[in-house]
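> pasting a predicted model and its sequence here:
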Amino acid sequence: MNLSFEVVAGAIGASFLVSLTSMSGMFALWVGAEQLKRIIPYLVALAVGVLLGDAFIHLIPDAVNRQGSVSTVCLLTLAGVFIFFILEKVVRWRHDHHIDISEQSGYIKPIAKMNLMGDAIHNFVDGILIVGSFLVNPVLGFTTTLAIIAHEIPQEIGDVGALVYGGYPPAKAVLYNFYCSLTVVVGAVFTLLFSQVAESSLVFLLPIAAGGFIYIAATDMIPALHEHSTLPHLFGQTTIFAFGIGFMQSIIILERFLFNQ
């Protein structure tokens, strides 16, 4: 496969641009500690809506279009849930086995580590999608990048909130979230080197990533929302949860507009 400079430079530049959207969570560095503590439950609600919306509205339908078999995609999505269940078991075992939580002041909850793992896989998939679109047409590459950035911004904001809730200081939450976002570049480079393997792997990676998002949202984040049961939290979290889902649905409209041009 002959790669032009335009394709390589455009794809790598676009992947770095998507990585930089992780910095949308930097607001956590300037918000006071008390105010941040108050808004964290709403940021977690946003993360839940975006994760579930991304899984059911984007990743799974895209996987079905590529795979052609709904039952196979459902099985792979369940495999993703199972894989993340095992990963969380390992995370909890390693922490509980090696550290006495009662003596650990800076305890990092599994929700934070699982969120980083799920985000890293998702960003890797985004890198494959970006390069794949640039290989078809540079214009398609830029429109795909724009669509990815549009849905990444609210997700990154929610992710930083989930990391802070999980025990990371705001500065570390932003930094680790940025490190995770660099897997977009890794996915892009992997695709440039092994385009056919990367494209075929999407059939498996998309539903597995969806299963991971469903697992993280359902088992780690939603229980965290139930820790706050006041009436303002009920209305506020429900509204923001719904907003996250609605925003992901609106990206479908944006993608249709961009890709039909």
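All right, it came through fine.

> low-confidence regions, the stretch 51-200 of the chain specifically.
For the stretch 51-200 of the chain, the stretches flagged by pLDDT under 70 are 94-106.

> where's the closest residue to Leu52 other than its chain neighbours relative to Met26, distance?
Counting by C-beta to C-beta, 6 or more residues apart in numbering, Leu52 lies nearest to Ala217, which is 5.1 Å off, once chain neighbours are set aside. C-beta coordinates here come from the backbone N, C-alpha and C atoms, glycine included. Separation of Ala217 from Met26 (C-beta to C-beta, to the nearest Å) stands at 24 Å.

> who has more neighbours, the two?
Neighbours were counted for Ala217 and for Met26 using other C-beta atoms under 10 Å; Ala217 has more, 25 against 17.

> look up how far Glu199 lies from that one.
Ala217 sits 28 Å away from Glu199, going by C-beta to C-beta.

> please identify the buried residues of stretch 46-58?
46-58 (16 or more other C-beta atoms under 10 Å).

> distance between it and the chain's centre?
9 Å (C-alpha atoms, centre = their mean, to the nearest Å).

> what of stretch 109-118?
11 Å.

> test my guess that Asp54 contacts His151.
Yes. Between Asp54 and His151 there is a contact under C-beta atoms under 8 Å: 6.7 Å.

> after the helix or strand hosting Phe124 comes which helix or strand?
Secondary structure assignment for Phe124, by DSSP states H and E: helix 110-136. Using DSSP H and E, the helix or strand that follows helix 110-136 in sequence is helix 138-165.

> helices or strands up against that following helix?
Helices and strands touching helix 138-165, by 3 or more C-beta pairs under 8 Å, 6 or more residues apart in numbering; DSSP states H and E, are helix 5-20, helix 33-53, helix 110-136, helix 170-181, helix 231-259.

> if you count neighbours, what's buried in it?
138, 140-145, 147-165.

> please state the offset of that helix from the chain centre?
So, by C-alpha atoms, centre = their mean, the centroid of helix 138-165 is 8 Å from its chain's centroid.

> about what we covered before: where do the contact lists of Asp54 and His151 overlap?
Listed as contacting both Asp54 and His151 by C-beta atoms under 8 Å, 6 or more residues apart in numbering are Met248.

> hmm, back to that, the helix holding Phe124 versus helix 231-259: what angle between them?
10 degrees (axes from the mean of the first three to the mean of the last three C-alpha atoms, to 10 degrees).

> for the remainder of this discussion, apply numbering that starts at 256.
Fine by me, first position is 256 from now on; the one you just mentioned is helix 365-391.

> ok so, going back, okay if I get the helices and strands packed on helix 393-420 as TSV plus distance to Leu461?
Shown next, in TSV, are the helices and strands packed on helix 393-420 (distance: least, C-beta to C-beta, whole Å):
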stretch	distance to Leu461
helix 260-275	17
helix 288-308	14
helix 365-391	6
helix 425-436	18
helix 486-514	15
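
> deepest of those helices, which one?
helix 365-391 (a mean of 23; mean count of other C-beta atoms under 10 Å).

> which helices and strands does that one pack with?
helix 260-275, helix 325-353, helix 393-420, helix 425-436, helix 438-448, helix 450-470.

> nearest to Leu480, of those?
helix 393-420 (10.1 Å; C-beta to C-beta).

> got a markdown table for the helices and strands packed on helix 365-391, with distance to Val319 too?
Putting the helices and strands packed on helix 365-391 into a markdown table (distance: least, C-beta to C-beta, whole Å) gives the following:
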| stretch | distance to Val319 |
| --- | --- |
| helix 260-275 | 24 |
| helix 325-353 | 5 |
| helix 393-420 | 18 |
| helix 425-436 | 27 |
| helix 438-448 | 21 |
| helix 450-470 | 9 |
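
> residues in contact with the residue positioned nearest the centre of the chain?
Centre of the chain computed as the mean C-alpha position; nearest residue by C-alpha atoms, centre = their mean is Asp374, 3.9 Å away. By C-beta under 8 Å, 6+ apart, Asp374 lies in contact with Gln410, Asp414, Asn432, Cys435, Ser436.

> the fourth one touches Ile376, doesn't it?
No. The pair Cys435 / Ile376 is not scored as a contact, 9.5 Å apart, by C-beta under 8 Å.
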